[in-house]
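**Q** mind looking at a prediction? Sequence and model below.
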Amino acid sequence: MSIDVHLTIDGQPVTVPAGTTLLQAAAEAGQAIPTICYHEHCTANALCRLCVVEVEGARVLAPACVAQVSDGMQVRTRGERVDRSRRTILEMLASAVDLSEAPEIQRQLEAYEAQPGRFPEAERREPALIDDNPMFVRDYGQCVLCWRCVQVCADDAQYTFAINFEGRGYATQIGTFFDRPLPETTCVFCGQCVGVCPTGALKPKREWLLEQGQTPDEIMALTRSERRRKQRK
């Protein structure tokens, strides 16, 4: 039998089962909390920290996607401290990567009145685009390291483990084992990583070719050429 937990979120009484996260409890109360790394079909890892909320009596802000409710808890999803934290995170992301194809993050930048140029001295990530397979391209200059693609490739969905984090600190990025091209890995080209990417860092090859100015006929010809090349191997 589940145990009910009683708490307040932004002054509103909420009752949810024990084990519910603050993100889920806020949704029950009709309060939307912004997220980037969180995806409903992936394991929450509290990487981006955009979902932080203020819990009365707590020293630090709590990541709502993993912090669980407790009886009598009083939570504020907005406020000067919370908004400043979210705004800073968004500004730091905007200074480091290309967010032009991340509409949800763009909306959050506007909602929190973030200034993308606040950190002009920051080193921008501009790695070369990787085009090593006929299915999708990888533009890690748009990657916010949310981990969604790694999770669905691993034990959240596909169990192929073709990609993972590599490098440390600022040099961290998503890569393959020994930096091999995707066709030489365990990748089965299911496309689930592309589906969960929030920024356009992973993009279907056809879509990318159209953006580069190629016509559908040229793309079809290229696809046939790729198929013949694979048959010859």
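**A** Received, thanks.
**Q** where do the strands sit along this structure?
**A** Counting by DSSP state E, the chain has strands at residues 4-9, 12-17, 52-55, 62-63, 74-76, 136-138, 163-166, 173-176, 202-204.
**Q** let's have the ones you listed in CSV, adding mean pLDDT and mean neighbour count.
**A** (Each C-beta comes from the backbone N, C-alpha and C, glycine too.) Below are the strands of the chain laid out as CSV (pLDDT from 0 to 100; neighbours: other CB atoms under 10 Å):
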stretch, mean pLDDT, mean neighbour count
strand 4-9, 94, 18
strand 12-17, 94, 15
strand 52-55, 97, 22
strand 62-63, 97, 22
strand 74-76, 96, 19
strand 136-138, 94, 23
strand 163-166, 92, 16
strand 173-176, 92, 18
strand 202-204, 94, 19
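**Q** need those in TSV with distance to Leu210, can you?
**A** Listed next are the strands of the chain as TSV, based on distance: least, CB to CB, whole Å:
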stretch	distance to Leu210
strand 4-9	44
strand 12-17	45
strand 52-55	38
strand 62-63	38
strand 74-76	45
strand 136-138	12
strand 163-166	25
strand 173-176	24
strand 202-204	10
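**Q** which of these sits closest to Glu101?
**A** Of all the strands of the chain, it is strand 202-204 that lies closest to Glu101, at 8.0 Å by CB to CB.
**Q** parallel or antiparallel, which strands does the closest one pair with?
**A** strand 136-138 (antiparallel) (DSSP bridges).
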